Each structure stands twice: as structure tokens, then as C-alpha cells.
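Asker: got a predicted model here, sequence first, then my questions.
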Amino acid sequence: MEEKGQNENVDIPEVSPAGERHEIATILGGEDAFLYGNVLTEDAEDCATSSSCDSSYDWASREVSDFRSLFRSRVVLEDWVENSCVLRTLGYRSCIKLVACRENERVFHERENATNDFFYFYSSPFYDLYIRLPLTSFQMEALAIRPIVSLFLRFFRCRPVAKRGWVSLISEPGDALLELYSQSYRGFKDKFFKVSILDSGWALFFDEDGSPKFPLYWTQNPLRFTSWPEDKMTIEELEALSVLTALPHPFSSCRIINCLEHDDFDSRVFGAASKRMKEVEEETSRPLPNGMWDSSFNLSHKIDFNLDDSEKKVVESMTEQQMADAMLELASRAAMAAWHMAYASDRGVLRVELEKARTQLKDLTTEYAMKRERDQLQRERDQLATELEQSTKTVAALTKERDSLLLAAAEEQEIREEMSEAIIVEHTRGFKKALRQVAHLLQVSTEGVAFDLRKDAYEGVDARVATTEEPNVEATGGSAAGSPDVVID
């Protein structure tokens, strides 16, 4: 393949028989960063098992499963390689090869039956971020989330997701070191291929014990982390941290990456940092005579939107016309609400409504107190009514009992009177019977004067009996006239 913009005099790295580790830390920039082509390519491998039917990938997000690779043939992959910069130097062209993906292959699949170890890689980092293969030690350690990148983790954290999909690194709230490269990074999800590791490049990606320097394949349990605490940093790392915190931030990551196009990228980066520091100093001390309406009062470059994958998908699916319509609608609503708040509303009316509400509240409070008092009186009335009802029942019972007693007394009086009359009649009849027997048996006349019912015999002498009642002349059948009154003491 044709090499574009690259010097022929390059150093080819050698791998020692003892498996010596190669620490790649150089950041390519300028002309050295533009080495086109010179990468081995291969068509998709035929595997015995079908990955698309394997239920072991149920842990992956369905959104990721929807994207198949655009590089499904060697022809498409070679065409992209010829116009892209992949390798760091020509010496690494025998260390890796790019392999196309199968129709049913997805970016989260494992090695399965592949001949060599490999890892999936997206094409966009090569021309957007100036990533070159093999990766630098820092890049591999960042992918492995090792403590050696504690300075990096001091300013970024991982945003967890429910299902295993694309993981976002977001800046620590209030301590952003870099600005977002792009508010909405799109168009990369189906542009991936396999980077197969050849035997000559094995030591570049594996440690001496055979473990990879970073996870080659997606994992079901990705590491979740927040910022790396300062108490776990070494003295050297704390010194470097003090330098980073002294720099103006957040700094434009896009401006730093664009500096890699030039040979003097290092001086350009420091120049941009110095310029940014000066801008920050001017921003902190610059006057704003017109307040928030001043032309230098600008907030658009200070707002970041950290969207997750679902939110990005919604935004990316919108057309420009839909975005314009949504912006116009939201702007119109905001303007209407602002106008109504500023002009259509009247605080005086609100005060009147407030006073009216207070009066209503006072009336309601009084009415509530009266209602409570009325309810109390109602409860007392009900209690008295209950007692009155009970008293009425008691009086009725007593009245009934009295009437029954009176009736019984009247009946007893009537019986007593009847018995008195019967006794007198019986007594009179008996007395008359006695008189008739005296006349018959003794041959004594009871009709004479000597026979006086009011007299009695006492010691052989007739004597008058003192009575409080006049004797019944009819009963005695005689007259008492001319009889001497004898009183016996």
C-alpha cells in the first residue's frame, strides 16, 4: 500500500526472546502522525458457532445489538485503510492486522473460535482523536482502569448503565478539567472492525504473565468508579495534580487535539494553555458595564450537556427541521411565559387576592370555631335528649305502676266495704236470732220496758252502759225512754 506523508527512515521495534515489555508513551504529532495505509487486512473469519444465536450475550444492551459493522468485507476495510492513518510507524505493520466482521458479529462478542486474540476498535478515533496502533501505555492503562492513571480518574468518573452498553466518562461536577470534545458525538456505532494481534506484536498488548494489558473484550461486570481520592496518590502524583489544578480549566479538548496536526504541537498546546489562562484572568476581572446585557456576557460556551446513550439516540434521530421546530416552539413558549410574567401579571391583583384569601381564611377559621361549638352543643343536646327519653320511659313505667296500685287499692276498698256491710248484716241477723231464742226459751218478753239493750247487769243490779253511739232501737226492738242512766266506772 502507498505510504503518504511518512519518512522512510523509521525504527522497527524488536521483541526480545525473553518477552521484554515495550512501553510506548510517545504522542505522535505533526507529520509523524500521518502514516496512511501499510496495514494488513483480512476477510471475516468463518466460525463454527453462530454468535447471533448465543444466549450468553443477553447481558448486552439491545441498542448495541442493533448495530452491525460496516466493515463486513475486506474490500471495504482496505478502502478505509488506504485513506486512514492507523499505525504509529511502519515498524508495527507486522504486529497487527485488521479483520472484517461477520454479518452476525457485534462489537461486544468474545473471541469464540478466532485464531488469534483480538479486540474491537471503532474507526472514528483514528481521524478524530489521532489514536494510533499500538496504543500507548497510558491509553491501555486507562482502558484497564489501573491506579497508575489516578490523575486521570481524579477528574473523571464512569456513568453506570442498567444494561451493558457504551459507557460514558463524565467530568467530576464542579471540577471539569476538559470541555467536551463534542456535545453530540454520533455516527460511530456501526464503524468497527477487529484488530487481530499477531505473534510479533504479542508483547505489545500482553504482560509477561500472559494477561492482557487492558480488557480485550467487553465484560458483563464493568468496573464502576468515581474520582480517585487524593489520599491514595503518591507524592509524585500529588505534585503533578497541583500543576494540573493550577492550569486554567475547563480547557478545550478539541483545541488540544487539533494541535496534533502540527509538528510543533507541544509548543502550540502550551501556547493555547497560556492564552486560555490569560482569558480566564481577563474573564474574572473584566468589567461588565451593561450587566447581563453586556456583549461580553456569554454563557453558551460554559454549558455542557452530559447526555446518556438513550438521550443521545433521541437527539441523533431528529432531523434539522424537527430540531428547528422544537427550538421555535420552546422559544415561543419561553417568550410567552416571560411576557406574561413581566407585563400581563399584576402584583396589585395578587395582593388583593392574597388579602381576599386571608379574609376568607379568617372567616373560615371563625366558621370552623362556630361549627366546633355548634357540634359540641349538638352533642350535648343529643345527650340531654337521650336522658329525657330515658326519664320519660321511667315516668311512664312509674305512672303505669301507680295506676295499677290505685286500681288494686280501689278494688281492696270495695272488697273492704262489701265485707263491712256483710259483717254488720250478719251480726244484726245473729243478734235478732238471739233475741228470738231468749223469748222462746226463757219465756221472757223482749218487748217490755224492762228489757233495755242499753243496760247491763252488774253484780245483780241493772246498769246503763256508756256508749258513744246511740243504740240501734230497731235492732233491740224496744224503747229506752224512762230508763235511769247508770254509769259504771
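Answerer: Yes, it's here. Numbering: from 1, shown residues only.
Asker: for this structure, which element, helix or strand, carries the lowest mean pLDDT?
Answerer: None of the helices or strands of the chain scores lower by mean pLDDT, DSSP states H and E than helix 473-476, at a mean of 44.
Asker: walk me through the domains of the protein.
Answerer: Following automatic domain parsing, one gets these domains for the chain: 30-302, 309-345, 348-442, 445-489.
Asker: closest one to residue 24 among those domains?
Answerer: Ranking these by their distance to residue 24 (criterion: Cβ to Cβ) puts domain 30-302 first, at 4.9 Å. Placement of C-beta: from N, CA and C, glycine included.
Asker: could I get the full set of helices for the stretch 101-250 of the chain?
Answerer: 124-128, 137-144, 150-153, 202-205, 235-246 (DSSP state H, counting those that start in this stretch).
Asker: most packed of these?
Answerer: helix 202-205 (a mean of 20; mean count of other Cβ atoms under 10 Å).
Asker: now that helix: average pLDDT?
Answerer: For helix 202-205, mean pLDDT rounds to 90.
Asker: which parts of the stretch 351-489 of the chain are strands?
Answerer: Assigned by DSSP state E, counting those that start in this stretch, the strands in the stretch 351-489 of the chain fall at 455-458, 461-464.
Asker: wait, what's in contact with the closest residue to residue 218 other than its chain neighbours?
Answerer: Excluding its sequence neighbours, the residue lying closest to residue 218 (Cβ to Cβ, 6 or more residues apart in numbering) is residue 108, at 4.1 Å. Counting by Cβ atoms under 8 Å, 6 or more residues apart in numbering, residue 108 touches 57, 60, 64, 65, 164, 217, 218.
Asker: against residue 297, how distant is residue 108?
Answerer: From residue 108 across to residue 297, the span is 46 Å (Cβ to Cβ, to the nearest Å).
Asker: circling back: most packed of the domains of the chain?
Answerer: Each of the domains of the chain was scored by mean neighbour count; the highest is domain 30-302, a mean of 15, by mean count of other Cβ under 10 Å.
Asker: how far is that one from where the chain is centred?
Answerer: 36 Å (Cα atoms, centre = their mean, to the nearest Å).
Asker: go on, stretch 406-413?
Answerer: The answer for stretch 406-413 is 85 Å, by Cα atoms, centre = their mean.
Asker: who touches it?
Answerer: Outside stretch 406-413, not a single residue reaches it (Cβ under 8 Å, 6+ apart).
Asker: what mean pLDDT does that stretch have?
Answerer: On average, the pLDDT along stretch 406-413 is 92.
Asker: can I get the CA coordinates of that stretch in CSV?
Answerer: The C-alpha trace of stretch 406-413 is given here as CSV (Å, rounded to 0.1, in the frame of the first residue of the first chain):
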residue,chain,number,x,y,z
LEU,A,406,-104.5,2.7,92.6
LEU,A,407,-106.6,0.1,90.9
ALA,A,408,-105.6,-2.5,93.4
ALA,A,409,-106.3,-0.1,96.3
ALA,A,410,-109.8,0.7,94.9
GLU,A,411,-110.5,-3.0,94.5
GLU,A,412,-109.4,-3.6,98.1
GLN,A,413,-111.6,-0.7,99.4
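Asker: rewinding a little: I'd like the contacts of residue 108 as CSV, with distance to residue 329 appended.
Answerer: Shown next, in CSV, are the contacts of residue 108 (distance: Cβ to Cβ, whole Å):
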residue, distance to residue 329
57, 41
60, 37
64, 33
65, 34
164, 36
217, 45
218, 40
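Asker: from these, which shows the smallest pLDDT?
Answerer: residue 164 (62).
Asker: residue 312 versus residue 318, what's the distance?
Answerer: 11 Å.
Asker: how close does residue 235 get to residue 194?
Answerer: Taken as Cβ to Cβ, the span from residue 235 to residue 194 is 42 Å.
Asker: follow-up on the earlier one: format the helices of the stretch 101-250 of the chain as a markdown table; extra columns: distance to residue 419.
Answerer: Below are the helices of the stretch 101-250 of the chain laid out as a markdown table (distance: least, Cβ to Cβ, whole Å):
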| stretch | distance to residue 419 |
| --- | --- |
| helix 124-128 | 135 |
| helix 137-144 | 131 |
| helix 150-153 | 126 |
| helix 202-205 | 140 |
| helix 235-246 | 131 |
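Asker: which one of those lies closest to residue 97?
Answerer: Comparing the helices of the stretch 101-250 of the chain against residue 97 with Cβ to Cβ, the closest turns out to be helix 202-205 (13.1 Å).
Asker: circling back: per-residue confidence at the residue nearest to residue 218?
Answerer: Looking at residue 108, its pLDDT reads 90.
Asker: residue 206 contacts residue 214, doesn't it?
Answerer: No: look at residue 206 against residue 214 with Cβ atoms under 8 Å: they stay out of range, at 10.1 Å.
Asker: give the contact list for residue 213.
Answerer: Taking Cβ under 8 Å, 6+ apart, one finds 137, 140, 141, 144, 205, 206, 207 in contact with residue 213.
Asker: output these in CSV; the columns should cover distance to residue 337.
Answerer: Putting the contacts of residue 213 into CSV (distance: Cβ to Cβ, whole Å) gives the following:
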residue, distance to residue 337
137, 54
140, 52
141, 50
144, 50
205, 57
206, 61
207, 60
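Asker: packing partners for whichever strand or helix holds residue 255?
Answerer: Assigned by DSSP states H and E, residue 255 falls within helix 253-258. On a contact count with 3 or more Cβ pairs under 8 Å, 6 or more residues apart in numbering; DSSP states H and E, helix 253-258 meets helix 265-285.
Asker: surely residue 97 forms part of a strand?
Answerer: Yes: counting by DSSP: H, G, I helix; E, B strand; the rest coil, residue 97 is part of a strand.
Asker: ok, it - contacts?
Answerer: By Cβ under 8 Å, 6+ apart, the neighbours of residue 97 are 39, 40, 41, 42, 195, 196, 198.
Asker: mind checking pLDDT for the fifth one?
Answerer: I take that to be residue 195. Reported pLDDT for residue 195: 94.
Asker: and if you look at the last one?
Answerer: At residue 198, the model reports a pLDDT of 93.
Asker: list the contacts of it.
Answerer: Residue 198 neighbours (Cβ under 8 Å, 6+ apart): 94, 95, 96, 97, 116.
Asker: what of the fourth one?
Answerer: With contacts taken as Cβ under 8 Å, 6+ apart, residue 42 has the following neighbours: 74, 97, 98, 99, 100, 196.
Asker: need those residues in a markdown table (columns: distance to residue 380).
Answerer: Converted to a markdown table, the contacts of residue 42 look like this (distance: Cβ to Cβ, whole Å):
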| residue | distance to residue 380 |
| --- | --- |
| 74 | 100 |
| 97 | 100 |
| 98 | 96 |
| 99 | 95 |
| 100 | 95 |
| 196 | 96 |
